[in-house]
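after the sequence you'll find the predicted model.
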Amino acid sequence: MNIRGIGHRGYPAKYPENTMSSFQAAIELGYTHMELDVHLSKDGIPVVMHDNRIDRMTDGVGEIREFTLTELKQFTIDYHERIPTLEEVLLLAKDRIVVSIELKDPKLYKGIEEKVYEVIRKTGVEDQVYLISFNHKSLAKMRSISKDIEIGPLVSKFKRSHFRLIDKLDAKYVAVRYGELNESFIEKCEELDIQVVVWTVNTLEQMRYLQKYPSILITTDELEKYKAFNYPHLIDDLEQVYV
């Protein structure tokens, strides 16, 4: 049975975020979705990392856009992992899990929308991904590239005007911070057949609250805790997970 939820950057509570091991763990745990973040290397290759700098996650220093892919692959994450390309992750995920791709800092990367879409098309996963971003102009550009690709605006605080944006983008998703949820917004999205995505839900209190909104797609760092809380029949040792 699949776990309906989104592994945030894979399974970052247990593995380095946005790495192949982290994504593999989300897949093996049976999640329906996982989320990743994408930037462009100096030579225009979509690579997966949250920050636009490599300092926090690798043994290197500098902005992703300052390095070619070959140079980026020389740096290590947690001593043994490498920065994955979007293509590598999508090939891992193909026919196994839906991937939410966040376009990070699109203003830094000329043509990022075209390059990301080309990787999606090349790997044949058009119907297994959707794209999100705080940069709604970037989403509009993606919509101009493809009328079929699924997209969704990221919003820190929801406003009624966002429904006009969703309609203009022909978006099927909207991703909202946990603290900004309210019942009328959820009901309106359900009425319009818009999938609400909420981030980031890591505590049992948050998970318990969201049980009354089964339509919401929940993003979490704590994949085993979430699985144990919502799918206890699939866990052999609940005590170990909750510790």
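Yep, it's here.

okay, now residue 125: neighbour count?
The tally of other residues near residue 125 (other Cβ atoms under 10 Å) stands at 18. Heads up, the C-betas are built off the backbone N, CA and C, glycines and all.

just the pLDDT at the nearest residue to residue 148 once chain neighbours are set aside, thanks.
Spatial nearest neighbour of residue 148, chain neighbours left out: residue 126 (6.8 Å); criterion: Cβ to Cβ, 6 or more residues apart in numbering. Per-residue confidence (pLDDT) for residue 126: 98.

gap between residue 126 and residue 37?
The gap separating residue 126 from residue 37 is 20 Å, by Cβ to Cβ, to the nearest Å.

those two: who's more crowded?
residue 37 (21 against 13).

and after the strand or helix carrying that one, which helix or strand comes next?
Using DSSP states H and E, the element containing residue 37 is strand 31-40. Next helix or strand after strand 31-40 toward the C-terminus (DSSP H and E): strand 46-48.

longest single helix anywhere in this structure?
helix 112-123 (DSSP state H).

quick one: mean pLDDT for that one?
The average pLDDT for helix 112-123 rounds to 98.

check the offset of that helix from the chain's centre.
Computed by Cα atoms, centre = their mean, to the nearest Å, the chain-centroid distance of helix 112-123 equals 16 Å.

hey, C-alpha coordinates of it in CSV?
What follows is helix 112-123, C-alpha atoms only, in CSV (Å, rounded to 0.1, in the frame of the first residue of the first chain):
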residue,chain,number,x,y,z
ILE,A,112,15.8,27.3,-16.5
GLU,A,113,12.2,26.5,-17.4
GLU,A,114,13.1,25.2,-20.9
LYS,A,115,16.0,23.2,-19.6
VAL,A,116,14.0,21.6,-16.8
TYR,A,117,11.2,20.8,-19.2
GLU,A,118,13.6,19.2,-21.6
VAL,A,119,14.8,16.9,-18.9
ILE,A,120,11.3,16.0,-18.0
ARG,A,121,10.5,15.3,-21.7
LYS,A,122,13.7,13.4,-22.3
THR,A,123,13.1,11.1,-19.3
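
what about the spatially most central residue of the chain, distance to residue 202?
The structure's the chain has its C-alpha centroid closest to residue 35; by Cα atoms, centre = their mean the separation is 2.0 Å. The gap separating residue 35 from residue 202 is 14 Å, by Cβ to Cβ.

likewise residue 91?
Between residue 91 and residue 202 the computed distance is 29 Å (Cβ to Cβ).

neighbour-wise, which of the two wins?
Shown here are residue 91 and residue 202; by other Cβ under 10 Å, residue 202 has more neighbours (17 against 14).

what sits against the more buried one?
Residue 202 makes contact with 13, 220-222, 225 under the criterion Cβ atoms under 8 Å, 6 or more residues apart in numbering.

let's have these in a markdown table, adding distance to residue 155, neighbour count and pLDDT.
Formatted as a markdown table, the contacts of residue 202 follow (distance: Cβ to Cβ, whole Å; neighbours: other Cβ atoms under 10 Å; pLDDT from 0 to 100):
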| residue | distance to residue 155 | neighbour count | pLDDT |
| --- | --- | --- | --- |
| 13 | 25 | 18 | 98 |
| 220 | 19 | 29 | 98 |
| 221 | 20 | 19 | 98 |
| 222 | 23 | 23 | 98 |
| 225 | 26 | 20 | 98 |
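
ok, the residues you listed vs residue 86, which is closest?
residue 221 (21.0 Å; Cβ to Cβ).

so who does that closest one touch?
8-9, 11-13, 200, 202.

buried stuff in stretch 159-179?
Residues 162-163, 165-166, 169, 171, 173-176, 178 are the ones in stretch 159-179 that count as buried (16 or more other Cβ atoms under 10 Å).
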